[in-house]
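Colleague: Next input, structure requested:
(chains A, B, C and D)
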2 protein chains.
Amino acid sequence: MDFNETKNIFLQIRDWIADQILQGKIVAGEKIPSVRELAVDMEVNRNTVMRSYSLMEEEGIIENKRGIGFFVAADAKSKLLKMQKQAFLNDELPMILHQIEVLKLNSSDLQILIQTIQSNDHENQ
Amino acid sequence: MDFNETKNIFLQIRDWIADQILQGKIVAGEKIPSVRELAVDMEVNRNTVMRSYSLMEEEGIIENKRGIGFFVAADAKSKLLKMQKQAFLNDELPMILHQIEVLKLNSSDLQILIQTIQSNDHENQ
DNA sequence: TATACTGTCATAGTGTATTATGACACTAAA
DNA sequence: TTTAGTGTCATAATACACTATGACAGTATA
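Modeller: Just a heads-up that it's a prediction; the model follows:
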């Protein structure tokens, strides 16, 4: 995995797992990679992965079965949807709006953005 | 100034100055606060401000007159517009699109975003 | 010339993310 | 019971952002 230099690795690992869950690539009850395994895969220290998992456990996204590993919580997806949606609308969107205003980006520049939003209008649930 | 914990302070100071220039609050040729002055204002070490200014000098946004201070470069605004626009479209937008898709955000959720974009359509230059 | 500003450099200390490694308890399966 | 897989904790080392502080040179002004 290639990490962004501006964001902490343990947070990027959390985001990556969360993304897998939101996309349905990992479902409720399913086991996620072991701390050691993911550390090797991502070429990262196991303590760093451990920190990501501990964070997600606090957030109620994953649960631990001692001696076995970590598993996706039953309500992980709905919880993540709620959390991330709120985070996006409250924290990220204001900064995005500000950038668009200052850079005077118009419909032409952001054509793909508008299309993406509109394609979500025709979906249910 | 209140800093974001997830981003380096010296980068946030750079962004803040860049924003002032893009908004026209500081114009070409104008002097920006001295390293020591801004450090006190922002309750930050002067070395941290120095690092921001050195970065902006490398980027050609500001220029130094020895013994006097830093001044906004003649082409700072156009250079910033070009740099930031490219950075936004190439680096930030893809991640924003991904979030919108995964979280299934629609026109209702992002009403204000669409409005902001459209209001830029009616501006020239 | 003296004073008070500018930026600049050097040094040392603090906090924290990340790494490296070893040790231990729990669980499942051979 | 042994073995291999889980997570967990403790320790030390490295890297880097940030702070604290002192010293020095250039510039403008009284």
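Colleague: Number of residues surrounding residue A:7?
Modeller: By the criterion of other C-beta atoms under 10 Å in any protein chain shown, residue A:7 has 12 neighbours. From N, CA and C alone the C-beta is placed, and that goes for glycine too.
Colleague: And residue A:64, by the same measure?
Modeller: Neighbours of residue A:64 (other C-beta under 10 Å): 12.
Colleague: likewise residue A:102?
Modeller: Using other C-beta under 10 Å as the criterion, residue A:102 is surrounded by 19 other residues.
Colleague: In terms of helix, strand or coil, where does the one residue in chain A that gets nearest to DNA strand C fall?
Modeller: Residue nearest to DNA strand C within chain A (C-beta to the nearest atom of the strand): residue A:67, separated by 2.3 Å. Following DSSP: H, G, I helix; E, B strand; the rest coil, we place residue A:67 in the coil state.
Colleague: Could you list the domains of chain A?
Modeller: Domains of chain A are assigned by automatic domain parsing as A:9-75, A:77-121.
Colleague: Could you check how far the shortest one is from the centre of its chain?
Modeller: Taking C-alpha atoms, centre = their mean, to the nearest Å, the mean C-alpha location of domain A:77-121 is offset from the chain mean by 16 Å.
Colleague: ends of that domain, how far apart?
Modeller: For domain A:77-121, the first and last residues are 20 Å from each other (C-alpha to C-alpha, to the nearest Å).
Colleague: With the longest one instead?
Modeller: From the first residue to the last, domain A:9-75 extends over 25 Å; the measure is C-alpha to C-alpha.
Colleague: Distance-wise, check residue A:66 relative to residue A:48.
Modeller: Distance of residue A:66 to residue A:48, given as C-beta to C-beta, to the nearest Å: 21 Å.
Colleague: okay, these two: which has more neighbours?
Modeller: residue A:48 (18 against 5).
Colleague: Packing partners of whichever strand or helix holds the more buried one?
Modeller: Per DSSP states H and E, residue A:48 falls inside helix A:46-58. Applying 3 or more C-beta pairs under 8 Å, 6 or more residues apart in numbering or on different chains; DSSP states H and E, one finds that helix A:46-58 contacts helix A:9-22, helix A:35-41, strand A:62-65, strand A:69-72.
Colleague: Next one: the last one, is it in contact with DNA strand C?
Modeller: No - on the criterion C-beta under 7 Å from any atom of the strand, strand A:69-72 is out of touch with DNA strand C, staying 9.7 Å away.
Colleague: State the number of residues packed around the residue in chain A positioned nearest to DNA strand D.
Modeller: Going by C-beta to the nearest atom of the strand, DNA strand D is nearest to residue A:34 of chain A, at 3.1 Å. Using other C-beta under 10 Å, residue A:34 has 15 other residues around it.
Colleague: who's in contact with it?
Modeller: For residue A:34, the contact set (C-beta atoms under 8 Å, 6 or more residues apart in numbering or on different chains) comprises A:69, A:70.
Colleague: do residue A:18 as well
Modeller: By C-beta under 8 Å, 6+ apart, the contact list for residue A:18 reads A:56, A:61, A:80, A:84.
Colleague: Over to residue A:33?
Modeller: Listed by C-beta under 8 Å, 6+ apart, the contact set of residue A:33 reads residue A:41.
Colleague: what secondary structure does it sit in?
Modeller: With three-state DSSP as the basis, residue A:33 sits in coil.
Colleague: And it, how far from residue A:75?
Modeller: To residue A:75, residue A:33 is 21 Å away according to C-beta to C-beta.
Colleague: The closest residue to residue A:118 other than its chain neighbours in helix, strand or coil?
Modeller: Distances taken as C-beta to C-beta, 6 or more residues apart in numbering or on different chains put residue B:107 closest to residue A:118, at 6.6 Å, once the chain neighbours are dropped. Secondary structure, three-state DSSP: residue B:107 is coil.
Colleague: Would you confirm that residue B:107 contacts residue B:114?
Modeller: Yes - assessed by C-beta atoms under 8 Å, residue B:107 is found in contact with residue B:114 at 6.3 Å.
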